[in-house]
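Chemist: Sequence and predicted model, in that order:
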Number of protein chains: 2
Amino acid sequence: MCEANAYLRDGEKDVLFMESVDTIEPYENGLKLVDIFGKQQFIKARIKEMTLLNHRILLEKISNI
Amino acid sequence: MCEANAYLRDGEKDVLFMESVDTIEPYENGLKLVDIFGKQQFIKARIKEMTLLNHRILLEKISNI
């Protein structure tokens, strides 16, 4: 299975945000993530880096300026 | 292996842009894609939808307004 784990960059650390992510799409000002069980999460973030072979998606929050 | 194929939405069609994509990251006003062989491609596009279990990344061009 080729799902991936999504991490959120928090300062120096990457914190696990959602496991077993299947689909990602833009949603309003952020992203909608859906895992392999159909659970949805929304986050005001963008993709910072994604490495599919490592099953790893790194997100970063979109700052309000 | 969990690489994916990247397609570019062109009107009603989705045209294959790059096969066997491993990593994706933002690059200037678009994206940098690297395949499993290390080949890089840059495209002025954003991710429209990604379904990892289907090994499919759909891109759409960023229009200049």
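Modeler: All right, it came through fine.

Chemist: neighbours of residue A:27, just the number please.
Modeler: Per other CB atoms under 10 Å in any protein chain shown, the neighbour tally for residue A:27 reads 13. (Glycine included, C-beta is placed from N, CA and C.)

Chemist: That one against residue A:42, yeah?
Modeler: Yes. Between residue A:27 and residue A:42 a contact is recorded at 5.8 Å, counting by CB atoms under 8 Å.

Chemist: so what's in contact with those two at the same time?
Modeler: Common contact partners of residue A:27 and residue A:42 (CB atoms under 8 Å, 6 or more residues apart in numbering or on different chains): none.

Chemist: Give the buried residues for stretch A:5-19.
Modeler: Within stretch A:5-19, the residues scored as buried using 16 or more other CB atoms under 10 Å in any protein chain shown are A:5-9, A:14, A:17-18.

Chemist: Can you give me the distance of residue A:33 to chain B?
Modeler: Residue A:33 sits 10 Å away from chain B, taking CB to the nearest CB, to the nearest Å as the criterion.

Chemist: quick one: contacts for that residue?
Modeler: Shown in contact with residue A:33 (CB under 8 Å, 6+ apart): A:6, A:17-18, A:21, A:23-24, A:40-43.

Chemist: farthest-separated two in those residues?
Modeler: Spatial extent of the contacts of residue A:33 (CB to CB) is set by the pair A:17 and A:23 at 14.8 Å.

Chemist: And the residue nearest the centre of chain A?
Modeler: Nearest residue to the geometric centre of chain A (CA atoms, centre = their mean): residue A:6, 4.0 Å.

Chemist: That residue and residue B:19, how far apart?
Modeler: With distances taken as CB to CB, to the nearest Å, residue A:6 is found 24 Å from residue B:19.

Chemist: ok so, going back, kindly provide the whole-number mean pLDDT of the helix or strand harbouring the residue nearest to the centre of chain A.
Modeler: Secondary structure assigned from DSSP states H and E places residue A:6 in strand A:4-10. For strand A:4-10, mean pLDDT rounds to 97.

Chemist: Alright, that wraps it up for me.
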